[in-house]
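Enquirer: here is a sequence together with a model predicted from it:
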Amino acid sequence: MEDLIKIRGVIADHSTNQRWVFKFAPIIEANMHKRKRQVCDSWRMDETYIKVGGKDRYLYRAVDKFGNTVDFLLTKRRMKGSAQKFLNKAIGNNGKPKVTNITKAGLITPQFKQ
C-alpha cells in the first residue's frame, strides 16, 4: 500500500496506512455486504491451511451449493474460537442456512438455536 501511494507522489508512513486501514476497512466491508448477491440456504463449509507470505495460515470458508462464496476467515492459529467466530459472522451476514455440510473438520460445529 505504501508503495502504491508513493507511485502517486504522496509520502505517507506505514503507520498512517495502518490507521487508514483501521478507519476505512469497516466502511468498505459494510459497502461490500450491500452489493453482495444473496446466497442460497445450503452451505458447504471447510477449513484448510494455506501459505501467506511464506507462513501457514488457516482458512475457514463457506460456499453455497452454486459455488458462491458465503464468507471466509483467515487466522494465524487453528482454534475452536476462530471457527465459532467465522460461523457466527457468516450467519450474521447471510442468515441461517437450512442445510450445512461440513468437510474435513470436526472443529466447525454449528450450534443453532431453534
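Expert: Sure thing, it's come through.
Enquirer: what residues are up against residue 98?
Expert: 41, 42 (CB atoms under 8 Å, 6 or more residues apart in numbering). Where C-beta positions appear, they are placed from N, C-alpha and C, glycine not excepted.
Enquirer: what about 10 Å?
Expert: 40, 41, 42, 43 (CB atoms under 10 Å, 6 or more residues apart in numbering).
Enquirer: which residues in the protein form helices?
Expert: Ranges of helices in the chain, per DSSP state H, are 2-7, 14-35, 80-94.
Enquirer: make a markdown table from these and add mean neighbour count and distance to residue 59 to it.
Expert: Shown next, in a markdown table, are the helices of the chain (neighbours: other CB atoms under 10 Å; distance: least, CB to CB, whole Å):
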| stretch | mean neighbour count | distance to residue 59 |
| --- | --- | --- |
| helix 2-7 | 10 | 25 |
| helix 14-35 | 10 | 18 |
| helix 80-94 | 17 | 10 |
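Enquirer: and of those helices, who's closest to residue 48?
Expert: Closest approach to residue 48 among these is made by helix 80-94 (12.5 Å; CB to CB).
Enquirer: name the helices or strands packed onto the helix or strand of the chain with the lowest mean pLDDT?
Expert: Scoring the helices and strands of the chain by mean pLDDT, DSSP states H and E places helix 2-7 at the bottom, with a mean of 77. Counting contacts by 3 or more CB pairs under 10 Å, 6 or more residues apart in numbering; DSSP states H and E, helix 2-7 is packed against helix 14-35.
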